[in-house]
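Enquirer: Fold the following for me, if possible:
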Amino acid sequence: MGLQGTIIKGRFRIESLLTETDKSFIFLGVKIGAPDPDMPESQQVVIKVIKDRYRQRQRFLDNWTRELAITTRLPGHPGMVRYLDADLKGRRVYVVTVRDPEGVSVGESLAEGKELGYIATLGTIRGMADVLRFAASSGLNDRHVRLEDLLVNPRTGSTKLLKFSLPRAVRLGAAALRRGAGGPQGDLLHLGSTLYRLVCMSYPTDRWDLADESVHDQFVETLRARFPEDAGPEEIARVATVYRKLTTRCLEERFQTLDDVIQELTDLMERRNRVVDYRIRRDEWQKRQVEARELVTAYDTVAALRGVYRPPRDPEPSFDAPPRSKEGESGLVSRKASLAEHRALLWAQAEQEGILARWDTPAMVGAMSALGMSLFMISLYVLMFR
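Expert: Model (predicted):
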């Protein structure tokens, strides 16, 4: 679609095509023109242009317009994108939003068969619960979140909602309402079904079977197989409990509020971050243990020959220890500075013990050179006559 370079209302310029969906083209653009206090010049934006065949479908256009109107009437929220401009009745139907450079569409990822990671899966459900709670507190009764309209950061799990949708995907009958599936309880069921889909990559045959033991067991088995490195037995049990409390037919056993859901998922994500931090610190500690066994200075070599060399003590990190600063494990600016201080300390100890008095520096260098030459000649002799 040849829209690159098009200027929109003198404020935005279309730069390049980011992606194409079934219903729209999504372009990367930049802010141009007069200064805007809320947005600096050259700020990147996303411009979504509806394809002509869908623009001509009045029912689709009416629903899309209503969904945008529902979303833009709400006050700003950190979990929702900010709309900058829109034209819903012109020759080109489009919207302009602030760009989230690291966000990927959850719905598109699932449609392409791409599995979300552990953090992204939990973050998606937490983000949905957050915006549904916000919509309920803002008086939006008919609220629904489609995964196609949700962006997630695969690394951090943070989400951005493009727009709320009309709740036409879930048909609620009188029996469903009697079971507490409408209103806030409907939000919980929606979250439970979405969690199942994110883990198992599909919905059960009948959405009302989400609470059955066989479906629950399938969820847990898939969860354990999907995230062997990210979730231990305790985390698997907690995520399974979240799923059960979202989908159970017993209202007393369900989550009472969306705040409870958000808190539990936040705790799980923070625990996962602590696990990652511990693994990083553990790997760094193991690397330092290897480095500590290496002979760094001439004094280290002499001490090793005398059998008294002891590498500096470095306790193994614990899981509950706070993250260490980037300045270095010994409080220095870098590992290089740490080694320099370590050398100075060893040389000072050597002077105090009188080693350097008996071994002046030239003599020590000569002795070590002679020792190295002797080792070289022995190795050469073994290679020639073995």
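Enquirer: For residue 148, give me its contacts.
Expert: Applying Cβ atoms under 8 Å, 6 or more residues apart in numbering, we find residue 148 in contact with 105, 106, 107, 108. For every residue, glycine as well, the C-beta is placed using N, CA and C.
Enquirer: which of those residues sit farthest apart?
Expert: Among those, the pair separated by the greatest distance (Cβ to Cβ) is 106 and 108, at 7.5 Å.
Enquirer: Settle it for me: which of the two has more neighbours?
Expert: Legend: neighbour count by other Cβ atoms under 10 Å for residue 106 and residue 108, higher for residue 106 (28 against 14).
Enquirer: didn't residue 152 look like it was pressed against residue 100?
Expert: No: using Cβ atoms under 8 Å, residue 152 makes no contact with residue 100, being 9.6 Å away.
Enquirer: neighbour-wise, which of those two wins?
Expert: Higher neighbour count among residue 152 and residue 100: residue 152, with 28 against 17, using other Cβ under 10 Å.
Enquirer: residue contacts, that one?
Expert: Counting by Cβ under 8 Å, 6+ apart, residue 152 touches 103, 104, 106, 116, 120, 123, 124, 127, 158, 159.
Enquirer: how close does the last one sit to residue 114?
Expert: Spelled out, that is residue 159. Plainly put, residue 159 is 16 Å away from residue 114 if you go by Cβ to Cβ, to the nearest Å.
Enquirer: So if I had to pick from these two, which one is more boxed in?
Expert: More crowded of residue 159 and residue 114, by other Cβ under 10 Å: residue 159, with 25 against 12.
Enquirer: Now do the same contact list for that one.
Expert: By Cβ under 8 Å, 6+ apart, the residues touching residue 159 are 79, 103, 123-124, 126-128, 130-131, 150-153.
Enquirer: which among these end up buried?
Expert: 79, 103, 123-124, 126-128, 130-131, 150-153 (16 or more other Cβ atoms under 10 Å).
Enquirer: and the host helix or strand of residue 18, what other elements does it pack with?
Expert: Taking DSSP states H and E as the definition, residue 18 sits inside strand 12-20. For strand 12-20, the packing partners by 3 or more Cβ pairs under 8 Å, 6 or more residues apart in numbering; DSSP states H and E come out as strand 24-31, strand 44-50.
Enquirer: Quick check: buried residues in that strand?
Expert: 12, 13, 14, 15.
Enquirer: before we move on, back to that, report the lowest-confidence entry in the contacts of residue 159.
Expert: Lowest in pLDDT among these is residue 103, which has 87.
Enquirer: May I have the beta-bridge partners of the closest residue in space to that one that isn't next to it in sequence?
Expert: Closest residue to residue 103 apart from its sequence neighbours, by Cβ to Cβ, 6 or more residues apart in numbering: residue 151 at 3.1 Å. Beta-bridge partners recorded for residue 151 (DSSP bridges): residue 105, residue 160.
Enquirer: ditto for residue 19
Expert: residue 26.
Enquirer: Check what pLDDT it gets.
Expert: pLDDT, residue 19: 86.
Enquirer: Pretty sure it sits against residue 26.
Expert: Yes: when contacts are counted by Cβ under 8 Å, residue 19 is listed as touching residue 26 (5.1 Å).
Enquirer: Turn the helices and strands packed on strand 12-20 into JSON lines, columns for mean pLDDT, distance to residue 198 and mean neighbour count.
Expert: Listed next are the helices and strands packed on strand 12-20 as JSON lines, based on pLDDT from 0 to 100; distance: least, Cβ to Cβ, whole Å; neighbours: other Cβ atoms under 10 Å:
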{"stretch": "strand 24-31", "mean pLDDT": "92", "distance to residue 198": "23", "mean neighbour count": "19"}
{"stretch": "strand 44-50", "mean pLDDT": "91", "distance to residue 198": "24", "mean neighbour count": "20"}
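Enquirer: Those strands: which one's closest to residue 226?
Expert: Per Cβ to Cβ, nearest to residue 226 of these: strand 24-31, 29.0 Å.
Enquirer: which strands and helices sit next to that closest one?
Expert: Counting contacts by 3+ Cβ pairs under 8 Å, 6+ apart, strand 24-31 is packed against strand 12-20, strand 44-50.
Enquirer: Report all helices and strands that the next helix-or-strand element following the last one contacts.
Expert: Past strand 44-50, further along toward the C-terminus, the next helix or strand under DSSP H and E is helix 52-55. Contacts defined by 3+ Cβ pairs under 8 Å, 6+ apart place helix 52-55 against helix 58-73.
Enquirer: outside of the helix it packs on, which residues touch it?
Expert: Helix 58-73 is contacted from outside by 23, 50, 54-55, 80, 83, 86, 88, 93, 95, 140, 142, 161-166, using Cβ under 8 Å, 6+ apart.
Enquirer: Phi and psi next, for residue 135.
Expert: With angles defined as degrees, to the nearest 10, residue 135 sits at phi -60, psi -40.
Enquirer: Noted, bye for now.
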